[in-house]
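Trainee: Turn this into a structure:
(one chain, ligands or ions: 1)
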Amino acid sequence: MKALGYSERGPVSAPNSVVEFDADMPAPGARDLLVEVRGVSVNPVDVKVRANRPPEGTRILGFDAAGVVKDVGSDVTTFRPGDEVFYAGEFTRPGSNAEFQAVDERLVGRKPSSLSFSKAAGMPLTSITAWEMLFDSFGIKEGDGGGEAILIIGAAGGVGSILIQLAKKLTGLTVVASASRDDTVAWVKKMGADHVVNHRKPLNEEMKALGISPKFVATLNQTDKHFDAIVDLIKPRGHIALIDDPQDINIGAIKLKALSYSWEFMFARSMFQTEDMDAQSKLLNRVSTMLDDGSLISTVNKHCGTMSETTLREALAHQEEGSAIGKTVLDGFGDA
Ligand SMILES: NC(=O)c1ccc[n+]([C@@H]2O[C@H](COP(=O)([O-])OP(=O)(O)OC[C@H]3O[C@@H](n4cnc5c(N)ncnc54)[C@H](OP(=O)(O)O)[C@@H]3O)[C@@H](O)[C@H]2O)c1
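Mentor: Numbers count the residues shown, from 1 in each chain. Now for the predicted structure:
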């Protein structure tokens, strides 16, 4: 089958960062679906893996996908051939930048019927991350959170765009989003933010000017730069949840306010094959329903065409710049 991978570590500008090659057809395991990939999206994790992990030959990258089930493993119970699905896959298995992919059914949701394959592929990884932050990391109950506020730092990116929406639709939280440019300010308002602050200015001063001390801070980008301000602006006994990779955090600073600090990693369930791995399938089905009934809107903002060396490189280069607004997607090989 056709696939795109990298055969050398490095930035997207490196010659072997995106190469088309002929890969073996995946053989589905007992709990796997074999999916014909019809749409994919790019994520910062593509950039980080390519920069840091030796490819051991040519490694197929890509996590988010939407497609059609072609075959199922012997123990699969939730899907059958012909079903349209979307998912973000696993960290350690061959990725979605290929004609076909094998994926565990417990990580897969029903594709929203109102979205094209590429638009659907823009949703899973960020939705899983945002959902797990709200309900697992912060431990907020659906319909709860009333009277409290959440500050979402770096809110115009892929994760923030859906986190704003889920917080607004499923909790009673007041949502403060950080964005630094006219375009990103307009985008986070479109996603439903109640207030906007600028993360190029000290966030503690921005929040004081707003008169809001949030109980929850979701830090999605540049946590090390904002950490001191977060500890200053957050409510005592509040909760900081992060998803990026800060190098230098003074964790002792959270003691005086008795803060909680947690790290969301959306690949943890699949990496450790947890008993509740199918929580990701269930939440994706909820997101799918909410997209179809109009409670959520697509966060896709850029479409780079049909997957090829050139178009995938363009999408990854845009992602690598670090200023993406919403999600960037592509159609699968030769299939719009
Ligand atoms: N742990 C997990 O499970 C998990 C899951 C998903 C993503 N992640 C990680 O989380 C991070 C965010 O992912 P994403 O997909 O949302 O990224 P993204 O789409 O690339 O985020 C882009 C946004 O970052 C904002 N930004 C740039 N500089 C900033 C700064 N100094 N402070 C705050 N925000 C800034 C930009 O807003 P402006 O243009 O307005 O400045 C831009 O809109 C990445 O590091 C990714 O690898 C982790």
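Trainee: Which residue would you name as the spatial centre of the protein?
Mentor: In the chain, the residue lying closest to the centroid (CA atoms, centre = their mean) is Thr126, at 2.1 Å.
Trainee: Report pLDDT for that residue.
Mentor: Per-residue confidence for Thr126 comes out at a pLDDT of 98.
Trainee: what helices or strands is the strand or helix carrying it leaning on?
Mentor: In this assignment (DSSP states H and E), Thr126 forms part of helix 124-132. Under the contact criterion of 3 or more CB pairs under 8 Å, 6 or more residues apart in numbering; DSSP states H and E, helix 124-132 touches helix 158-170, helix 279-292. Placement of C-beta: from N, CA and C, glycine included.
Trainee: got the contact list for the one residue in the stretch 101-250 of the chain that gets nearest to the ligand?
Mentor: Residue nearest to the ligand within the stretch 101-250 of the chain (CB to the nearest ligand atom): Gly157, separated by 2.3 Å. Taking CB atoms under 8 Å, 6 or more residues apart in numbering, we find Gly157 in contact with Leu220, Asn221, Ala324, Ile325, Gly326.
Trainee: now with 7 Å?
Mentor: Residues near Gly157 by CB atoms under 7 Å, 6 or more residues apart in numbering: Leu220, Asn221, Ala324.
Trainee: Setting aside sequence neighbours, what's the nearest residue to Lys302?
Mentor: In space, and not counting its chain neighbours, Lys302 is closest to Thr328: 4.3 Å by CB to CB, 6 or more residues apart in numbering.
Trainee: Does the one you found belong to a helix, a strand or coil?
Mentor: The three-state assignment at Thr328 reads strand, by DSSP: H, G, I helix; E, B strand; the rest coil.
Trainee: I'd assumed Ala317 was in contact with it.
Mentor: No. Thr328 is beyond contact range of Ala317, at 10.0 Å (criterion: CB atoms under 7 Å).
Trainee: Compare those two (neighbour count), which wins?
Mentor: Thr328 (24 against 18; other CB atoms under 10 Å).
Trainee: Run a quick neighbour tally on Val18.
Mentor: So Val18, with other CB under 10 Å, has 25 neighbours.
Trainee: Lys190 now?
Mentor: Neighbours of Lys190 under the rule other CB under 10 Å: 15.
Trainee: If I take the helix or strand containing it and helix 158-170, what angle do their directions form?
Mentor: Element membership for Lys190 (DSSP H and E) is helix 182-191. If you take axes from the mean of the first three to the mean of the last three CA atoms, to 10 degrees, helix 182-191 sits at 30 degrees to helix 158-170.
Trainee: Which residues belonging to helix 182-191 are considered buried?
Mentor: Residues of helix 182-191 classed as buried: Thr184, Val185, Trp187, Val188, Lys189, Met191 (neighbour count, 16 or more other CB atoms under 10 Å).
Trainee: which residues sit in contact with the third one?
Mentor: So that's Trp187. Ala156, Ile325, Gly326.
Trainee: nearest residue to the last one other than its sequence neighbours?
Mentor: Right, Gly326. Per CB to CB, 6+ apart, closest to Gly326 is Asn301, 3.4 Å.
Trainee: Now name the helix or strand holding that neighbour.
Mentor: Going by DSSP H and E, Asn301 is in strand 300-306.
Trainee: Give me the mean pLDDT for that strand.
Mentor: pLDDT averaged over strand 300-306 gives 97.
Trainee: do the same with stretch 72-82
Mentor: 97.
Trainee: what's the most buried one of the helices and strands packed on helix 124-132?
Mentor: With neighbours defined as mean count of other CB atoms under 10 Å, the helices and strands packed on helix 124-132 peak in mean count at helix 158-170, which reaches a mean of 26.
Trainee: can you tell me which residues contact the one residue in the stretch 1-150 of the chain that gets nearest to the ligand?
Mentor: The stretch 1-150 of the chain approaches the ligand most closely through Pro44 (3.3 Å), counting by CB to the nearest ligand atom. Residues in contact with Pro44, defined by CB under 7 Å, 6+ apart, are Gln319.
Trainee: Kindly report the same for Gly238.
Mentor: So Gly238 contacts Pro214, Lys215, Phe216, Val217, Lys257, Leu259 (CB under 7 Å, 6+ apart).
Trainee: Could you rank these by neighbour count and give me the top one?
Mentor: Neighbour counts for the contacts of Gly238 (other CB under 10 Å) peak at Val217, which has 30 neighbours.
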